[in-house]
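Participant: Got a predicted structure plus its sequence, pasted below:
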Amino acid sequence: MAKEIRMNAFALHSPVHHSPGLWRHPRDRSLTYNTLDYWVNLAKVLERGFIDALFMADSIGVNDVFGGNLDTALRYGAQVPKQDPMLSISAMAYATKHLGFGVTSNANHEPPYVFARRMSTLDHLTNGRIGWNIVTGHSTSGVRALGHSKVTAHDERYDIADEYMDVVYKLWESSWEDGAVLRDVATGEFADPRLIHKIVHEGKYFKLEGVHLTEPSRQRTPVLFQAGSSTRGKAFAGRHAECIYLSGPSIKTIAPVVADTRSQAVLAGRHADDIKFFSMATIIVGRTEKEAQEKFRDYQNYINPQAALAMFSGWTGIDFSKYDPDEPIRYLKLDAGISSALENFTIGDPNRVWTVGELARHNAIGGRGPLFIGSVEQVADAIEHWVDATDVDGLNLSYAVTPEAYEDFADLVAPELQRRGRYKTAYQEGTLREKLGGASPLLPARHPAAGFRQGRNPEVVAAAA
């Protein structure tokens, strides 16, 4: 039986995410990115389309590699300015009932003690609908903004993140035991101090001492998203991730990463299907193929390939302003960039040679994933084929024009996938983890976080297995 297709929406608190120039389109609302109305209205559209979660990208870095400066990114709004995505989540959660939120935070940047409290707070305020996209950073501009001189070597960034995970697992899972919170009006006791434990951690990268500042939330540990597809990144994801975001232009670049990461999960003592994979894609759909193609041609009038190259330069650390548009893109080993971004347009598919100009035009609408253009039936066919051929669980939907792309999915594509029996017709009740197929609000007992639980009720742990 074909598996149910899942969907996330993909966004950034910026006038540009992955479609530079399209903010000028008369139907686009990206310029209102700095208002709550925009985000609340978007959340309502996504819930109408039974989207699992709004996956919110973020980083401290800026795209200042192209031309050796930030001018192009600033001139065209290419992911700068950029706001903190966490601050809009409460409003979106209040306006919806089921939509989940996957928010990005860097395990190499923010102290784990402070971050753990913020995520627990969001899990409380969203009633268990929060997820965390774990990133390790790649941007030289980001680390300099934080007072460091250079980006930590690629594999060591994951070593730091592994210890970071141990620290936040201790805070979320073992500081407050089940039953610690009393809320006893008769006795006046809020909590039992005997069941609340100070976390003491002294490791290679982190040191802390203190109790977790919030009582346990519904999920305790948020749903864990991750995007690493390097060798070290896949090992990290295999151990920790529940959902993985992938981006690549072809089935040949995505399918091997899915298979390898599932194997890494098994090596870590987990099940291969413990991880849900979401592949970046953009849809341009019409009621007829002609209508969709006309929409695509209209969008092309607004694209900005130069800004797209500025963004790709920022992701990879390679200054593409120095290359001729007809020059083929070649693979280079990166330490301060996103390795997979370059691999997917070079060695990821050796049968496809991309020129700099082709990459710029491709990435100018929707970013690094495939573009599905056509009638409702054609787009639904393309989505089904992509999911089945890559073994991903669903898509991370990017957009050309917002919120139009998500309205088109909700009103046109979702009903067709539902008719085919490939898409949900109602949300699962419960937390984000349960909505994504988990048996409990808590991480299963085979996940590494479970090893940090102390004094837990055996029935609770059994239910989480």
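Facilitator: That came in fine, so what should we check first?
Participant: Do you know the pLDDT at Leu146?
Facilitator: Here, the pLDDT recorded for Leu146 equals 86.
Participant: now do Pro458
Facilitator: So Pro458 comes in at 38 (pLDDT).
Participant: now do Gly68
Facilitator: We have a pLDDT of 95 for Gly68.
Participant: What sits closest to it if chain neighbours are left out?
Facilitator: Of all residues not flanking Gly68 in the chain, Asp319 sits nearest, at 6.5 Å (CB to CB, 6 or more residues apart in numbering). To be clear about C-beta, it is placed using only N, CA and C from the backbone, and glycine gets the same treatment.
Participant: now do Ala78
Facilitator: Nearest to Ala78 is Ala307, by CB to CB, 6+ apart, at 4.3 Å.
Participant: what about the one you found, distance to Ser30?
Facilitator: In this view, Ala307 and Ser30 are 13 Å apart by CB to CB, to the nearest Å.
Participant: Look at the two and report which has more neighbours.
Facilitator: Ala307 (25 against 22; other CB atoms under 10 Å).
Participant: Which secondary structure element is home to that one?
Facilitator: helix 305-316 (DSSP states H and E).
Participant: Kindly report the same for Arg433.
Facilitator: In the assignment (DSSP H and E), Arg433 maps to helix 432-435.
Participant: what helices or strands is that helix leaning on?
Facilitator: Identification of packing neighbours for helix 432-435 by 3 or more CB pairs under 8 Å, 6 or more residues apart in numbering; DSSP states H and E yields strand 100-106.
Participant: which is the next helix or strand following the strand it packs on?
Facilitator: Once strand 100-106 ends, the next helix or strand along the chain (criterion: DSSP H and E) is helix 112-125.
Participant: pull the CA atoms of the helix or strand following that following helix into CSV?
Facilitator: Using DSSP H and E, the next helix or strand after helix 112-125 towards the C-terminus is strand 130-135. Output of strand 130-135 as CSV, limited to C-alpha atoms (Å, rounded to 0.1, in the frame of the first residue of the first chain):
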residue,chain,number,x,y,z
ILE,A,130,6.7,22.6,18.5
GLY,A,131,9.7,21.2,16.7
TRP,A,132,13.4,22.2,16.5
ASN,A,133,15.4,22.2,13.4
ILE,A,134,19.0,21.5,14.6
VAL,A,135,21.7,23.3,12.6
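Participant: Mind listing the strands strand 130-135 pairs with, and their directions?
Facilitator: Sheet pairing of strand 130-135 (DSSP bridges) gives strand 100-106 (parallel), strand 223-226 (parallel).
Participant: Isn't Ala281 up against Pro370?
Facilitator: Yes - between Ala281 and Pro370 there is a contact under CB atoms under 8 Å: 5.2 Å.
Participant: Give me the common contacts of the two.
Facilitator: Jointly contacting Ala281 and Pro370 under the rule CB atoms under 8 Å, 6 or more residues apart in numbering are Trp386.
Participant: Who has more neighbours out of the two?
Facilitator: More crowded of Ala281 and Pro370, by other CB under 10 Å: Ala281, with 26 against 23.
Participant: Quick one: residues contacting that one.
Facilitator: 366, 369-372, 383, 386, 395-398.
Participant: again with Leu246
Facilitator: So Leu246 contacts 227, 229, 254, 257-258, 277-280, 392, 396 (CB under 8 Å, 6+ apart).
Participant: Which residue is the nearest non-sequential neighbour of it?
Facilitator: Nearest non-adjacent residue to Leu246 (CB to CB, 6+ apart): Ser279, at 4.8 Å.
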